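J.: Next one to model:
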Amino acid sequence: MINDFKVLLIEDDDVAAESVIRSLRKVEPDIAVTWAENGQEALDIINGRHNDKRITGPFIVLLDLNMPVMNGFEFLDHTRASDELKDLVIFILTTSNEDTDRSKAYHHNVAGYMVKSAVGPQFAKLSGLLTAYRSAVELSG
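T.: Got it, this is the predicted structure:
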């Protein structure tokens with residue numbers, strides 16, 4: 001279905017992270033999901049500085065906004081200012097339904113903004129969206 005499909009999940013809530021991973025694996029059992037608990041850990045993974053976790057392109061980022069250490073907007077600021085990371089495909093997956101957060105995220109050129117409560121039980125709609133997105137576009141490495 002979605003061959004060589006990789007996701008970097010940046011989420012500090014372990015219950016939400018496990019639900020997202022389970023949902024994605026229902027659609028594609030071999031999907032490669034790398035989980036970071038905050039933006040700084042995600043940058044370390046992307047840049048090959050993490051002790052245990054690695055990810056190589058192409059991949060899609062699922063980004064929570066409200067996290068400790070480095071929140072989602074700080075991660076967006078960093079990636080969009082970086083020549084190497086500015087073209088990352090990033091979807092926001094957050095609890096915030098605030099118009100100001102949505103507007104700020106789209107100002108950072110995100111591919112989509114999803115509110116966790118609207119995505120549905122066990123993130124079922126998320127899997128469908130990412131599958132459709134992956135089928136429709138060609139990601140660059």
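J.: which non-adjacent residue is nearest residue 127?
T.: Closest residue to residue 127 apart from its sequence neighbours, by Cβ to Cβ, 6 or more residues apart in numbering: residue 27 at 4.2 Å. In this view, the C-beta of every residue, glycine as well, is placed from N, C-alpha and C.
J.: My read is that that neighbour contacts residue 129, right?
T.: No - taking contacts as Cβ atoms under 8 Å, residue 27 lies outside contact range of residue 129: 10.4 Å.
J.: Need the residues touching each of these two.
T.: Both residue 27 and residue 129 lack any common contact, where contact means Cβ atoms under 8 Å, 6 or more residues apart in numbering.
J.: Quick check: which element contains residue 90?
T.: strand 89-94 (DSSP states H and E).
J.: brain fart, residue 9
T.: Going by DSSP H and E, residue 9 is part of strand 6-10.
J.: for that strand, packing partners?
T.: If contacts are counted by 3 or more Cβ pairs under 8 Å, 6 or more residues apart in numbering; DSSP states H and E, strand 6-10 sits against helix 14-27, strand 32-36, helix 39-46, strand 60-63.
J.: Can I get that strand in CSV? Just the C-alpha atoms.
T.: Output in CSV follows, covering the C-alpha atoms of strand 6-10 (Å, rounded to 0.1, in the frame of the first residue of the first chain):
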residue,chain,number,x,y,z
LYS,A,6,8.2,6.6,7.2
VAL,A,7,6.7,8.8,9.9
LEU,A,8,8.4,10.9,12.6
LEU,A,9,5.8,11.2,15.3
ILE,A,10,6.6,14.1,17.7
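J.: Extract the residue ranges of the protein that are flagged as low pLDDT.
T.: Counting by pLDDT under 70, the ranges of the chain that qualify are 1-3, 119-125, 131, 134-141.
J.: As a quick check, tell me the outermost residue of it.
T.: Ranked by distance from the centre of the chain (Cα atoms, centre = their mean), the top residue is residue 51, with 20.4 Å.
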